[in-house]
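[1] 3D, please:
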Amino acid sequence: MSSTNPIPNLEAGIQYWATQPANYDGVLGGFGTGSLPRVDSLGSRRFLLDLLPELSTVPSPFRSLSAPPSETKRVRALDVGAGVGRVTSDVLLHLVSDVVLLEPVEPFINEARSRGKASESGSEINDSGYRVSWKGIADRSKSVTFLQGALQSFDPVVLGTPLDRVGYLPQGGEDETETGFDVIWCQWCLGHLRDDDLVHFLQRSKKALRDARSLIVVKENICGKQNEPVTVFDEQDSTFTRSDLAFRNIFRDAGLKIIEEKIQHGLPKGLYPVKMYALREA
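    Okay, the predicted model is just below:
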């Protein structure tokens, strides 16, 4: 890309989001009070269960009644660009044991912590007046760890000092919540990275996967035609919207292969299509 073309600017992006309400409506561009949050979260959970059926927590078509007792393993996820914790609470905590939540925008990470703290205390309403109930936090069977930072410099292998943690705490011995990730979830945040920064972030993320079944999930808007590597720049929030081929080229450069992909259906008309990609090491 030539230097005359616009590229995402981290500080400009953070400044933009810091002016938005720290709630679902703010992080979802005004679509937080309609059907989008529920449709999106159910689509994400189904996508993840199709790939990792052992994450099903009830007897279902995804999980046999005679499933082996391997489920005592604590499953760990990373939620990057997490906003106020929407994906953590509505998707990941329904399926995994422990979540590390990363968000650079201060009002958003503060709101996420408030929701986690309220859930831990058993409160139905947090300090901002929003109804909260993060699964597994009040009974401390699950945990959420909060980090503040941007993806450009973030290394999922070396997390640094957390801001806070709610829910489960290990009772001595090795803490399984500090040993790699089974799922790294990236949704509606990768447009803030230039192509080379995104390749490097994905390469670092690949090294943080626990084993051969672990996944990186990318869920983002896509633009343009499928066979064109197109990017569209949004000056308002200083982000890229990439085409399908632009993402495929980046995944290839990062040494990742697509093992599953799916369009998210049921979202409001007039939006860019939203696509989910499940990635593993090539």
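[2] pLDDT score for residue 68?
    Reading off the confidence values, residue 68 has pLDDT 54.
[3] got a list of what residue 123 touches?
    residue 132 (C-beta atoms under 8 Å, 6 or more residues apart in numbering). In this view, the C-beta of every residue, glycine as well, is placed from N, C-alpha and C.
[4] quick check, it in a helix?
    No - under DSSP: H, G, I helix; E, B strand; the rest coil, residue 123 sits outside any helix and is assigned coil.
[5] and it, its phi and psi?
    phi -70, psi 140 (degrees, to the nearest 10).
[6] distance of it from residue 169?
    20 Å (C-beta to C-beta, to the nearest Å).
[7] likewise residue 209?
    Taking C-beta to C-beta, one finds residue 209 at 25 Å from residue 169.
[8] which one's more surrounded, those two?
    residue 209 (22 against 10; other C-beta atoms under 10 Å).
[9] quick check, pLDDT for the more buried one.
    97.
[10] ok, it - contacts?
    Going by C-beta under 8 Å, 6+ apart, the list of residues near residue 209 reads 180, 181, 182, 184, 215, 216, 280, 281.
[11] go on, residue 143?
    97, 98, 99, 137, 165, 166, 167, 168, 169, 177.
[12] please enumerate the helices of the stretch 101-250 of the chain.
    106-121, 195-207, 244-253 (DSSP state H, counting those that start in this stretch).
[13] neighbours of the residue nearest to residue 191 when sequence neighbours are not counted, how many?
    Among residues not flanking residue 191 along the chain, residue 239 sits closest, at 3.5 Å (C-beta to C-beta, 6 or more residues apart in numbering). Neighbour count of residue 239, defined by other C-beta under 10 Å: 23.
[14] from residue 276, how far out is residue 239?
    19 Å.
[15] how about residue 141?
    From residue 141 to residue 276 the distance is 27 Å (C-beta to C-beta).
[16] could you count how many residues lie near residue 230?
    That count, for residue 230 with other C-beta under 10 Å as the rule, works out to 16.
[17] cool, and residue 16?
    Neighbours of residue 16 (other C-beta under 10 Å): 18.
[18] repeat for residue 216
    24.
[19] go on, residue 54?
    16.
[20] which stretches in this structure count as strands?
    Per DSSP state E, the chain carries strands over the ranges 76-80, 98-102, 143-147, 164-167, 183-187, 215-223, 231-234, 239-243, 256-263, 274-281.
[21] mean pLDDT and distance to residue 34 added to those, as a markdown table?
    Below are the strands of the chain laid out as a markdown table (pLDDT from 0 to 100; distance: least, C-beta to C-beta, whole Å):
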| stretch | mean pLDDT | distance to residue 34 |
| --- | --- | --- |
| strand 76-80 | 98 | 22 |
| strand 98-102 | 97 | 24 |
| strand 143-147 | 97 | 26 |
| strand 164-167 | 96 | 29 |
| strand 183-187 | 98 | 18 |
| strand 215-223 | 97 | 17 |
| strand 231-234 | 94 | 21 |
| strand 239-243 | 95 | 21 |
| strand 256-263 | 98 | 19 |
| strand 274-281 | 97 | 15 |
